[in-house]
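Asks: Sequence first, predicted coordinates after that:
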Amino acid sequence: MAQGCRHLAGIHDVVPTSLGCEECLQLGDPWLHLRVCRTCGHVGCCDQSPNRHATKHFHATGHPIIEAYDPPEGWGWCYVDELMFDLSDRPTPQLGPIPRSY
């Protein structure tokens, strides 16, 4: 795990709230990759996606930790401490097939 991150103890095993980016699905917008909030399970799109909903979720809630959800890449990111770390031993299970949006 990442040394220097003060938020690692707050990583929860979560249930994803949707099969794709919640907001993009509502808007009918595309995304590139998905991130899941390891505080509440919110699924948002990455910063390379047009809407950057995962980062917007962090700014709205203060939930610091996300996981690369689709594709599952085994890493996490702390927005506050700006640190990447390994989550390959604690991946969030996908609830079903992720719709392709790009």
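Replies: Here it is on my side, so go on.
Asks: Could you pull out the strands in the chain for me?
Replies: With strands called from DSSP state E, the chain shows them at 34-37, 43-45, 65-70, 75-78, 83-86.
Asks: Of the ones you listed, which is nearest Glu22?
Replies: Distances from Glu22 to each of the strands of the chain were compared using Cβ to Cβ; the shortest belongs to strand 43-45, at 5.7 Å. Heads up, the C-betas are built off the backbone N, CA and C, glycines and all.
Asks: Check the average confidence over that closest one, would you?
Replies: Averaged across strand 43-45, pLDDT comes to 98.
Asks: one step back: among the strands of the chain, which is the most enclosed?
Replies: Of all the strands of the chain, strand 43-45 carries the top mean neighbour count, a mean of 29, counting by mean count of other Cβ atoms under 10 Å.
Asks: Could you check how far whichever helix in the chain runs longest is from the centre of its chain?
Replies: Ordering each helix of the chain by length in residues (DSSP state H) puts helix 53-61 first. Relative to the mean C-alpha coordinate of its chain, helix 53-61 is positioned 10 Å out (Cα atoms, centre = their mean, to the nearest Å).
Asks: CA atoms only: put that helix into CSV for me.
Replies: Coordinates of the C-alpha atoms in helix 53-61 are reproduced here as CSV (Å, rounded to 0.1, in the frame of the first residue of the first chain):
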residue,chain,number,x,y,z
HIS,A,53,-17.8,12.2,-12.8
ALA,A,54,-15.5,10.3,-10.4
THR,A,55,-13.5,13.4,-9.6
LYS,A,56,-16.8,15.4,-9.4
HIS,A,57,-18.0,12.9,-6.9
PHE,A,58,-14.9,13.4,-4.8
HIS,A,59,-15.3,17.2,-4.8
ALA,A,60,-19.0,16.8,-3.8
THR,A,61,-18.5,14.3,-1.1
